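Visitor: curious how this folds, go ahead:
(chains A and B)
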Amino acid sequence: MADEKKALYDAMVAYKVPAIQQAVENARKSGMTASKIIDALGEGMTEVGILFERGKLFLPHVLSAAQGMKSAMEVLGPELLASGDVSAKRASVVMGTVEGDVHDIGKSICSTMLQCAGFDVHDLGRDVPKTSFISEIKGGCTMCGMSALMTTTMTVQKEVIEILKSEGLRDKVIVMVGGAPVTQAYADKIGADIYGESASETTNKAKTISS
Amino acid sequence: MAEFYTRMGDGSRVLMTREKILNDIQAGMADAVDMGGLPDLTPNDIEKLFEIISDKNRVVGVEPGNEVVLTYDIGQLDFTGDNGNSGNGVDVGRMESALLHERALGADTFELAHADYSIKPVKPVISNEMQTMEEIQNEIVAPYFYGAMPNAGLYYSPDGPYGNPADLMREFKIDEAMQAAEMTADHLARDIEYVATRLIAAGSDGFNFDTTASAGDADAVGTFKGVRALRKACPDTYINVGMAGESIMGIHGSIEFDGEIVAGTYPHQQVKFAQKAGANVFGPVVNTNTSKSLAWNLGRAVTFIKECVKVAEIPCHVNMGMGVGGIPMCETAPIDAVTRCNKAMVEIAKVDGV
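Guide: A predicted model of the protein is given here:
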């Protein structure tokens, strides 16, 4: 089983969709459970994220790996449900770059990493109105990730948290913040639950807090 | 134990001991060494960095004889822009701004810039820009350029004709995203040649490409191709290529300039592309990490820039401003940090200009 696990990990790090599909098929034939296959793929995806942050892999490579993960989930999802082992299912997360800010890439990587880690991600894109975050939370998202890449837009993260408080929703949602000007100290100051310096750090913290 | 007043990367004040400052300088250096495959700073460099950071004076400067060229970018926008646009919110005309920079602020070079500071929006107003260039050239003595960001982002949807790679990749249309990036690079190169040749014909002493690769590797390739075309069209003009960050983002991932992939390259590699394209001056950039200290950021930035200057065959004028070159990222960069970072870049990294 260790060989299959390594093959799944290696296939993800090599980010080619057909090879990922083949590794999944081989693992299934060897009797590996759907949840264990997903875990191995998830570890590979974490490494892809680290290699991206180190400038060794680039955006198309990350997305290709994510496409491989999505393709695997199409096969493994029904098996997972049938087996009753739904441990790989995590929270619904609304993600977006805040109003007034069009920097999209870092947030998109973070969304991809969260998706590959089993979260149900609702990525609203860039320049997202404050009310759109609130609507998604009212619609069932229990986590909210906000990115800001400018000193002039990071304040919007605070404004969304204030709206959550005024609408009595703050205790029902885990708020994550990130982006170049944002720090742990700022996250603490505005009352966010998670500060992520990178996509992989955010994903790890989200996994920990939601487990 | 003595503590020294210094800064974090977000500009906040912090007191640090000698040991902590030295540890952070070495950790920042180690990060650059690891990311860029660079040599360590020497023990003398590290000690000098500590001396600069721990200097008791609020403002520091280079020793006499070490002065370098000061090139200012962004045109009048550093007066007229608001805080979100690197400006002070002071309404000043373009002529007045040029003369103030030359005669009051000590700028060795300056530039004319469009309000949007990007190549593409200059096209429809090129005649106005040419006329203004000619008028200011009649008054100013210092070398006066035109400056703009290549800003390939304006060529992608919803602002331009090509699909947005970020949106396409989210739908796993990876090949389409790469094609959009390639078409954008070629379009940007054509626009650079169109805009720059006309402004140089109107009397500009040169062209400053600011924040190259802000939209990733296709932005860089488009700029280098545009610079090559401009050099061919205007053999004697002055061309400055300044970058957006220490590493070129791989939005395409494998797009090449002169047979080499540009994604993931660092300043000491980027300068070679600029040289090949025909630039006279290269403006390397190292971004600031807001969660780390000034010591960490400056140790890292100096390590990158020192190697860039060492391998460069053209002068390097390092980008020093809010959020780059070790300087904190906050709306008004603290002068203590600004002057320390500049002194370190000149006296340790040996840059030719700022």
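
Visitor: setting aside sequence neighbours, what's the nearest residue to A:Ala180?
Guide: Nearest non-adjacent residue to A:Ala180, counting by C-beta to C-beta, 6 or more residues apart in numbering or on different chains: A:Leu149, 5.3 Å away. (Each C-beta comes from the backbone N, C-alpha and C, glycine too.)

Visitor: ok, the one you found touching A:Pro181?
Guide: Yes: between A:Leu149 and A:Pro181 there is a contact under C-beta atoms under 8 Å: 7.2 Å.

Visitor: let me see the contact set for the residue nearest to A:Ala180.
Guide: Contact analysis of A:Leu149 by C-beta atoms under 8 Å, 6 or more residues apart in numbering or on different chains lists A:97, A:101, A:103, A:106, A:179-181.

Visitor: can you give me the helices in the chain?
Guide: Reading this off chain A. Assignment of helices within chain A using DSSP state H yields the ranges A:2-14, A:17-29, A:34-53, A:59-83, A:105-116, A:130-138, A:154-166, A:184-190, A:199-210.

Visitor: please go with chain B instead
Guide: According to DSSP H, the helices that chain B contains are B:18-36, B:43-54, B:77-80, B:94-103, B:119-122, B:126-137, B:165-170, B:174-201, B:217-233, B:267-277, B:294-311, B:335-347.

Visitor: ok so, going back, so for chain B, which of the helices of chain A sits nearest?
Guide: helix A:59-83 (4.4 Å; C-beta to the nearest C-beta).

Visitor: what angle do that closest one and helix A:17-29 make?
Guide: Taking axes from the mean of the first three to the mean of the last three C-alpha atoms, to 10 degrees, one finds helix A:59-83 and helix A:17-29 inclined to each other by 20 degrees.

Visitor: pull out the buried positions in helix A:59-83.
Guide: Within helix A:59-83, the residues scored as buried using 16 or more other C-beta atoms under 10 Å in any protein chain shown are A:59-69, A:71-73, A:76, A:80.

Visitor: and if you look at stretch A:4-14?
Guide: Buried-residue list, stretch A:4-14, by 16+ other C-beta under 10 Å: A:4-5, A:7-9, A:11-14.

Visitor: and which of those residues is nearest to B:Ile53?
Guide: Among the buried residues of stretch A:4-14, A:Val13 lies closest to B:Ile53 (C-beta to C-beta), at 39.4 Å.

Visitor: centroid residue for chain A?
Guide: A:Leu114 (1.2 Å; C-alpha atoms, centre = their mean).

Visitor: got a markdown table for the contacts of A:Leu149, with neighbour count and pLDDT too?
Guide: Below are the contacts of A:Leu149 laid out as a markdown table (neighbours: other C-beta atoms under 10 Å in any protein chain shown; pLDDT from 0 to 100):
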| residue | neighbour count | pLDDT |
| --- | --- | --- |
| A:Thr97 | 27 | 96 |
| A:Asp101 | 22 | 90 |
| A:His103 | 20 | 86 |
| A:Gly106 | 19 | 85 |
| A:Gly179 | 26 | 93 |
| A:Ala180 | 22 | 90 |
| A:Pro181 | 23 | 91 |
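
Visitor: what's the most distant pair in those residues?
Guide: A:Thr97 and A:Pro181 (12.9 Å).

Visitor: re earlier: list, out of the buried residues of helix A:59-83, those positioned next to chain B.
Guide: A:59-61, A:63-64, A:66-67 (C-beta under 8 Å from any C-beta of the partner chain).

Visitor: re the thing from before, touching both of A:Thr97 and A:Pro181, which residues are there?
Guide: Jointly contacting A:Thr97 and A:Pro181 under the rule C-beta under 8 Å, 6+ apart are A:148-149.

Visitor: re earlier: closest one to B:His317 among the helices of chain A?
Guide: B:His317 sits nearest to helix A:105-116 of all those, at 27.3 Å, using C-beta to C-beta.

Visitor: please see if that closest one touches chain B.
Guide: Yes: interface with chain B: helix A:105-116 contributes A:105, A:108 (C-beta under 8 Å from any C-beta).

Visitor: what does stretch A:13-20 give?
Guide: No: Stretch A:13-20 does not reach chain B (C-beta under 8 Å from any C-beta); its nearest approach is 8.8 Å.

Visitor: can you pull the poorly scored residue ranges out of the chain?
Guide: I went with chain A, as the question did not name one. A:1, A:84-89 (pLDDT under 70).

Visitor: looking at chain B here, not the other one
Guide: In chain B (pLDDT under 70), the answer is B:83-85.

Visitor: and the longest strand for it?
Guide: Determined from DSSP state E, the single longest strand within chain B is strand B:110-118.

Visitor: what's around the residue nearest to B:Asp217 when sequence neighbours are not counted, how many residues?
Guide: Counting by C-beta to C-beta, 6+ apart, B:Asp217 lies nearest to B:Ala263, which is 4.2 Å off, once chain neighbours are set aside. The tally of other residues near B:Ala263 (other C-beta atoms under 10 Å in any protein chain shown) stands at 25.
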